[in-house]
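Sequence first, predicted coordinates after that:
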Amino acid sequence: MAAPALVLFDLDDVLCVSDKRVRSAHLARLAGSTTERVYAALWGSHFSAPALAGEVTPEDYLADYGRRIGYPLTLQDWLASRKASMTPIPQVLELVARVKQVARVAVLTNNTTLVAEHIGYLFPELPALFGRDIYASAALKAAKPDAACFHACLAALGVAPGETLFVDDLAVNVAGARAAGLDAHRFTTPAALAAAFARRGLL
């Protein structure tokens, strides 16, 4: 079997650890609230789903975010809290660097366009590895695991589903990728990911 032409990576909890508790604590300090209240306000509901599918403007998303935590959140506040919650996984970044010697690499993340637009600030290591091939679901007008999200991303990249390996930590997104015609691997550890790459002739 030929090696995939493209390896498409999820962002949060694949390329970096994304800790919502750390993010909540950062926002709680701004809002004069508690980590628990902020966490419940932001992640105790699905308020962000329309924004991830590109149905809400970034401005309206930030305004709603601020209303939920009781603080007039600025873009820089949001970015700082997001950055504080993201810890790169060096072993995975090393795998990306190795894999890109034999295949294209790109990122597909369920996020607002703010993440892709400000990725150089949020995650400085990524632009050197992925260039401009960092896609937020909001820009594609569909979110994983919807097949439309995968197909829109691959159309932008000019790669067929059957030529693509997708890596995500969530089983529902892995299943969605497979249903959309992609090969897929559920991320658990860098070692298991390296083994999956080796089986596919990428290492």
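Everything's here; your move.

which residues are in contact with the worst-scoring helix or strand of the chain on mean pLDDT?
Across the helices and strands of the chain, mean confidence by mean pLDDT, DSSP states H and E is lowest for helix 49-52: a mean of 92. Helix 49-52 is contacted from outside by 56, 58, 60-61, 110-112, 137-138, 143, using C-beta atoms under 8 Å, 6 or more residues apart in numbering. C-beta: built from backbone N, CA, C; applies to glycine.

So which residues of the protein form helices?
20-31, 35-43, 49-52, 58-69, 75-84, 90-99, 113-117, 119-122, 126-130, 137-140, 147-157, 171-179, 190-199 (DSSP state H).

related to what we said a few turns ago, of the contacts of helix 49-52, which is the nearest to Leu93?
Asn111 (18.6 Å; C-beta to C-beta).

quick one: the closest one from Glu125, how far?
Using C-beta to C-beta, to the nearest Å, one gets 17 Å for the distance from Asn111 to Glu125.

and the two? which has more neighbours close in?
Asn111 (23 against 16; other C-beta atoms under 10 Å).

if we can go back for a sec, and the furthest pair within the contacts of helix 49-52?
Across the contacts of helix 49-52 (C-beta to C-beta), the longest gap, 17.9 Å, separates Asp60 and Asn110.

Comparing those two, which residue is more hemmed in?
Comparing Asp60 with Asn110 by other C-beta under 10 Å, the one with more neighbours is Asn110, at 24 against 12.
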